[in-house]
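Student: Got a predicted structure plus its sequence, pasted below:
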Amino acid sequence: MLAVRLRPSWYQAGRVVSPLIAFGASAAFVVGGLRGGGWAAAGFVILGVLGGAFFGGGAVLAAGALLSRRPLLEVDDEGVRRPAPWPRPRRRDRFLPWSDVAGLCLISRSVAARGSRVRDHLLFLSDPEIVDHARTAPRPHLVALVLADLPGARHAPWVLISEPDWDVPLKAIVAEVARHDVDVIDRRRA
């Protein structure tokens, strides 16, 4: 079985530290409100408590996701599994058996995150007609496969954006999928 996880990185650590900073600011609101008097002070306390609950919860969720080491993707002899993110239970995992995987298409697309650079996308295709479409379609049609909310367009049921923090290289994932007699269409340079 191949399990893809996020490696700890400065980016991942920033997702924990950011809400902790805001949590500290919320605590300062509470302290400032408790030192004063009147309605304004009560407002500060209320805002501080609400902010503390919100940002404290965000910090716990971000830290739990980082420390849980739950895989983002599992590829085994039965199929492809996308485990539910922590803290959701594993019974909420999504599973796609090999009999339902007609192809894997790799495309590159610019993503407005972490420096707005080009990211590789893995599209697990379940319809042989869409696999043929992915082989021959012009680039805008390939990008449309990624957009599930585009009305009237075909889309891939599963789309994963490869992250630089994955602990398994993209080549290893593609090789494992290809080992199960799945058509791999590499259109990253198309």
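Tutor: Received, thanks.

Student: Quick one: list the elements packing against the lowest-mean-pLDDT helix or strand in the chain.
Tutor: Lowest mean confidence among the helices and strands of the chain (mean pLDDT, DSSP states H and E): helix 139-146, at a mean of 76. Applying 3 or more Cβ pairs under 8 Å, 6 or more residues apart in numbering; DSSP states H and E, we find helix 139-146 packed against strand 103-110, strand 118-125, helix 128-136. Backbone N, C-alpha and C define where each C-beta goes, glycine included.

Student: burial measure for residue 97, as a count.
Tutor: 10 (other Cβ atoms under 10 Å).

Student: isn't it right up against residue 78?
Tutor: Yes: using Cβ atoms under 8 Å, residue 97 is in contact with residue 78, at 6.3 Å.

Student: that older thread, list just the one of the helices and strands packed on helix 139-146 that sits closest to residue 54.
Tutor: Minimum separation from residue 54 across these (Cβ to Cβ) falls at strand 118-125, 29.4 Å.

Student: What is the closest one packed up against?
Tutor: strand 103-110, helix 128-136, helix 139-146, strand 158-161, helix 170-178.

Student: again, 7 Å this time
Tutor: strand 103-110, helix 139-146, strand 158-161 (3 or more Cβ pairs under 7 Å, 6 or more residues apart in numbering; DSSP states H and E).

Student: so can I have a markdown table of the ones you listed showing distance to residue 173?
Tutor: Output for those, formatted as a markdown table (distance: least, Cβ to Cβ, whole Å):
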| stretch | distance to residue 173 |
| --- | --- |
| strand 103-110 | 9 |
| helix 139-146 | 17 |
| strand 158-161 | 9 |
